[in-house]
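Participant: What follows is a protein structure lacking sequence information:
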Ligand code: HSE
């Protein structure tokens with residue numbers, strides 16, 4: 001008996017779109033044997049087919065008229081790989097209103113408009129799948145929605161931007177400055193010509209918003225997530241952190257507390273023994289802590305054509321098999337079905353901290369610093385004064401680590417320290433993230 005056939009349109013033929021189309025055509029037989037359905041790529045929709053041509057994709061698939069695709073009853077699944085939030089939103093709405101299922105890798109679109117799009121999908125008997133939006137080829141969305149469904153998720157910590165992780169790895173391993181490491185990443189095709197969205201933490205925050213909504217079953221206000229990128233990170237602190245046994249990572253942090261959710265993107269020091277410490281180069285990983293399972297960790301390539309297409313095609317397969325629609329209809333975790341999360345202000349976030357202040361090399365400076373920290377009830381775990389660095393105009397670095405305190409306390413204390421006579425530049429602070437306790441609450 002011939003396998004059931006499901007018509008598919010890939011909209012947007014860049015690296016991920018081209019790889020998705022290629023995978024669907026090249027691995028059609030493999031997929032048919034696995035899922036029992038013929039995933040029939042019928043259209044590649046775009047205005048420019050140079051990537052499709054380069055990848056040897058059949059010109060008979062090329063289509064510039066989206067309306068023709070939407071009117072074709074054989075098309076059941078449209079894959080939105082246009083990117084951005086304007087045209088992509090318009091296309092996604094049109095596809096959903098046509099009653100067809102959407103598969104997308106577009107994290108910005110989902111973080112900003114996911115709730116609205118899901119409501120439209122529900123209204124039109126459709127569904128949205130978005131495995132590729134977070135962690136590229138890593139099946140983290142499936143883990144949060146499905147594999148871990150028997151757990152209350154207590155926390156997760158993610159390295160979810162390959163560009164940033166590559167740059168930080170170069171800084172840590174080769175002692176390169178941020179600017180040099182970025183230039184090398186751009187040369188190696190691991191950073192965009194305009195890397196702002198990645199290095200500012202914006203891309204990670206889109207992924208954090210999506211994952212948090214599913215993990216905690218709450219509607220997340222993306223605009224309330226505090227975001228700090230790696231673009232202001234100084235190699236000096238990377239080196240001093242390493243001396244203390246820490247390595248720096250750009251972390252997507254999500255913690256459930258009695259008061260609400262702590263969500264943030266920021267560079268953080270983790271111990272060299274932390275499970276996320278060995279995630280290097282362009283790789284991604286997410287550590288998830290479930291109430292019954294304890295710690296689980298998901299690792300893999302977070303970007304790139306075929307790794308991302310792997311997740312996109314897994315979603316196409318689930319949509320074709322009817323799994324996506326059943327989950328979308330039945331489960332209560334989708335943002336359009338859930339209440340707003342209580343997102344805690346950054347000031348309330350509790351952590352240990354690394355602090356570096358550049359001080360005039362004269363008696364009493366260390367005691368002035370510790371007096372201010374004491375004033376804000378911040379307890380010092382370690383303190384050391386380093387030799388003056390070249391070009392520092394006789395200022396010397398004092399490096400302090402603290403016991404747990406709030407971000408609000410540390411900020412206020414550093415503001416007072418900055419106002420002290422003999423402080424030559426704005427003090428630096430970086431959170432130190434311990435490994436989350438399993439079965440913590
Ligand atoms: N720019 C992203 C990264 C690609 O570097 O991880 C996938 O979102």
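Facilitator: Sure, I can see it. Just so we're clear, the structure is a prediction, and the values are computed from it rather than from any experiment.

Participant: From here on, just use CA atoms for contacts and neighbour counts.
Facilitator: Noted.

Participant: Where does residue 7 sit: helix, strand or coil?
Facilitator: strand (DSSP: H, G, I helix; E, B strand; the rest coil).

Participant: Help me confirm that it comes into contact with residue 44.
Facilitator: No: if you go by C-alpha atoms under 8 Å, residue 7 and residue 44 don't touch, sitting 11.7 Å apart.

Participant: Near the ligand, which residues of the chain are found?
Facilitator: 136, 161, 162, 163, 198, 302, 303 (C-alpha under 6 Å from any ligand atom).

Participant: Need phi/psi at the fourth one.
Facilitator: Main-chain torsions, residue 163, degrees, to the nearest 10: phi -60, psi -50.

Participant: can I assume it is in contact with residue 199?
Facilitator: Yes: under the criterion of C-alpha under 8 Å, residue 163 is in contact with residue 199, at a separation of 7.5 Å.

Participant: what's the distance between the residue nearest to residue 59 when sequence neighbours are not counted and residue 78?
Facilitator: Nearest non-adjacent residue to residue 59, counting by C-alpha to C-alpha, 6 or more residues apart in numbering: residue 53, 7.5 Å away. Separation of residue 53 from residue 78 (C-alpha to C-alpha, to the nearest Å) stands at 21 Å.

Participant: So which of those two has more stuff around it?
Facilitator: residue 78 (28 against 13; other C-alpha atoms under 10 Å).

Participant: Could you chop the protein up by domain?
Facilitator: 4-136+307-330, 152-299, 346-433 (automatic domain parsing).

Participant: Distance from the chain centre to the first one, please.
Facilitator: Centroid separation for domain 4-136+307-330 versus its chain: 21 Å, with C-alpha atoms, centre = their mean, to the nearest Å.

Participant: With the second one instead?
Facilitator: Computed by C-alpha atoms, centre = their mean, the chain-centroid distance of domain 152-299 equals 7 Å.

Participant: pLDDT below threshold where in the protein?
Facilitator: Across the chain, residues meeting the criterion (pLDDT under 70) sit at 1, 389-393, 440-441.

Participant: before we move on, the earlier item: got the residues of the chain next to the ligand as JSON lines, with distance to residue 417 and neighbour count columns?
Facilitator: Listed next are these as JSON lines, based on distance: C-alpha to C-alpha, whole Å; neighbours: other C-alpha atoms under 10 Å:
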{"residue": "136", "distance to residue 417": "42", "neighbour count": "28"}
{"residue": "161", "distance to residue 417": "33", "neighbour count": "29"}
{"residue": "162", "distance to residue 417": "35", "neighbour count": "26"}
{"residue": "163", "distance to residue 417": "34", "neighbour count": "25"}
{"residue": "198", "distance to residue 417": "32", "neighbour count": "21"}
{"residue": "302", "distance to residue 417": "40", "neighbour count": "23"}
{"residue": "303", "distance to residue 417": "41", "neighbour count": "25"}
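
Participant: Helix, strand, or coil at the residue of the stretch 301-441 of the chain found nearest the ligand?
Facilitator: The ligand sits closest to residue 303 of the stretch 301-441 of the chain, with a gap of 4.5 Å, by C-alpha to the nearest ligand atom. Following three-state DSSP, the label given to residue 303 is coil.

Participant: What's the separation between it and residue 201?
Facilitator: Distance, residue 303 to residue 201, using C-alpha to C-alpha: 16 Å.

Participant: Same check on residue 16?
Facilitator: Residue 16 is 21 Å from residue 201, by C-alpha to C-alpha.

Participant: Over to residue 79?
Facilitator: For residue 79, the distance to residue 201 equals 26 Å [C-alpha to C-alpha].

Participant: And for residue 98?
Facilitator: From residue 98 to residue 201 the distance is 35 Å (C-alpha to C-alpha).

Participant: Give me the phi and psi angles of the residue nearest to residue 59.
Facilitator: phi -60, psi -50.

Participant: could you measure it against the ligand, distance?
Facilitator: Noted for residue 53: a distance of 23 Å to the ligand, by C-alpha to the nearest ligand atom, to the nearest Å.

Participant: on that earlier part again, residue 7 and residue 44: which is more packed in?
Facilitator: Neighbour tally, residue 7 and residue 44, criterion other C-alpha under 10 Å: the higher count belongs to residue 44, 29 against 18.

Participant: element containing that one, please.
Facilitator: strand 37-45 (DSSP states H and E).

Participant: same check, this time on residue 103
Facilitator: Judged by DSSP H and E, residue 103 forms part of strand 101-104.

Participant: Show me where the stretch 301-441 of the chain has its strands.
Facilitator: For the stretch 301-441 of the chain, the strands defined by DSSP state E, counting those that start in this stretch cover 350-360, 380-385, 395-402, 405-406, 428-433.

Participant: Can you add mean neighbour count and give these back as JSON lines?
Facilitator: What follows is the strands of the stretch 301-441 of the chain, written out as JSON lines (neighbours: other C-alpha atoms under 10 Å):
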{"stretch": "strand 350-360", "mean neighbour count": "22"}
{"stretch": "strand 380-385", "mean neighbour count": "14"}
{"stretch": "strand 395-402", "mean neighbour count": "22"}
{"stretch": "strand 405-406", "mean neighbour count": "18"}
{"stretch": "strand 428-433", "mean neighbour count": "20"}
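
Participant: Go through the ones you listed and name the closest to residue 178.
Facilitator: Closest to residue 178 of the strands of the stretch 301-441 of the chain is strand 428-433 (C-alpha to C-alpha; 15.8 Å).

Participant: I'd like to check what contacts the closest one. Which residues are they?
Facilitator: With C-alpha atoms under 8 Å, 6 or more residues apart in numbering as the test, strand 428-433 has contacts from 267, 268, 269, 270, 271, 351, 352, 353, 354, 355, 356, 357.

Participant: was I right about the fourth one contacting residue 277?
Facilitator: I take that to be residue 270. Yes: in this structure, residue 270 is within contact of residue 277 by C-alpha under 8 Å, at 6.9 Å.

Participant: Find residues that contact each of these two.
Facilitator: Joint contacts of residue 270 and residue 277 (C-alpha under 8 Å, 6+ apart) are 247, 249.

Participant: So the two - more neighbours on which side?
Facilitator: Set residue 270 next to residue 277 and count neighbours by other C-alpha under 10 Å: residue 270 wins out with 23 against 16.

Participant: The more buried one should be in a helix, yeah?
Facilitator: No: counting by three-state DSSP, residue 270 is not found in a helix; it is strand.

Participant: if I look at it, how far off is the ligand?
Facilitator: 20 Å.
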